[in-house]
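> Below are the sequence and a predicted model for it; my questions follow.
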Amino acid sequence: MKSGRLRILATGSEKHIASLPDVPSMSEILPGFVSVAWFGIVAPPRTPAAVAHKLSSALAEALRERDVLDRLAALSAEPVGGTPEEMAAFMKQEEARWKRVIEAAQVKAD
């Protein structure tokens, strides 16, 4: 892309990516379309809430470090961070989104 040999037509994100300001998101072209790769850190079931929140706070602090932000920007990745409850809600939303896609496409496991 940087060499000019490849042109990005759109991203799968819901909104513009800061490191690609001239590239539209697919949801601007096709409302409701979202398909992004994401990474999350989760704790084992029954982890005490206080421990989960302490880990979440430490991760949020790391995501504010300039070198971390620079490295993520170089990968066109945008850190989100959030609470354990927000991550759980996001994961439920993703599960519902992809369940609809799988059912609409009639995907079957072999």
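Good, I have the coordinates.
> Where do the domain boundaries of this structure fall?
1-36, 38-104 (automatic domain parsing).
> Lowest average pLDDT across the ones you listed?
Of all those, domain 1-36 carries the lowest average pLDDT, namely a mean of 87.
> Would you work out how far apart the start and end of it are?
One end of domain 1-36 to the other measures 19 Å (Cα to Cα, to the nearest Å).
> Same check on stretch 76-91?
Using Cα to Cα, one end of stretch 76-91 lies 21 Å from the other.
> got the buried residues for that stretch?
77, 82, 84, 87 (16 or more other Cβ atoms under 10 Å). (Each C-beta comes from the backbone N, C-alpha and C, glycine too.)
> Tabulate the domains of the chain (a markdown table), appending distance to Asp110.
Shown next, in a markdown table, are the domains of the chain (distance: least, Cβ to Cβ, whole Å):
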| stretch | distance to Asp110 |
| --- | --- |
| domain 1-36 | 23 |
| domain 38-104 | 14 |
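> which SSE is the spatially most central residue of the chain in?
Nearest residue to the geometric centre of the chain (Cα atoms, centre = their mean): Trp38, 3.6 Å. In this assignment (DSSP states H and E), Trp38 forms part of neither any helix nor any strand.
> Now do it against Arg66, distance only.
22 Å (Cβ to Cβ, to the nearest Å).
> And the buried residues of stretch 76-91, which is closest to Gln93?
Each of the buried residues of stretch 76-91 was scored against Gln93 by Cβ to Cβ, and Met87 proved nearest at 10.6 Å.
> How about the closest one: what's its closest non-neighbour residue?
Residue nearest to Met87 in three dimensions, not counting chain neighbours: Gly40, with 5.7 Å by Cβ to Cβ, 6 or more residues apart in numbering.
> Assign a three-state SS to the one you found, would you?
coil (DSSP: H, G, I helix; E, B strand; the rest coil).
> now the helices: where do they sit in this structure?
Taking DSSP state H, the helices of the chain run over residues 26-29, 49-62, 66-74, 84-104.
> The shortest one - contacts with which helices or strands?
Helix 26-29 sits against no helix or strand, with contacts defined as 3 or more Cβ pairs under 8 Å, 6 or more residues apart in numbering; DSSP states H and E.
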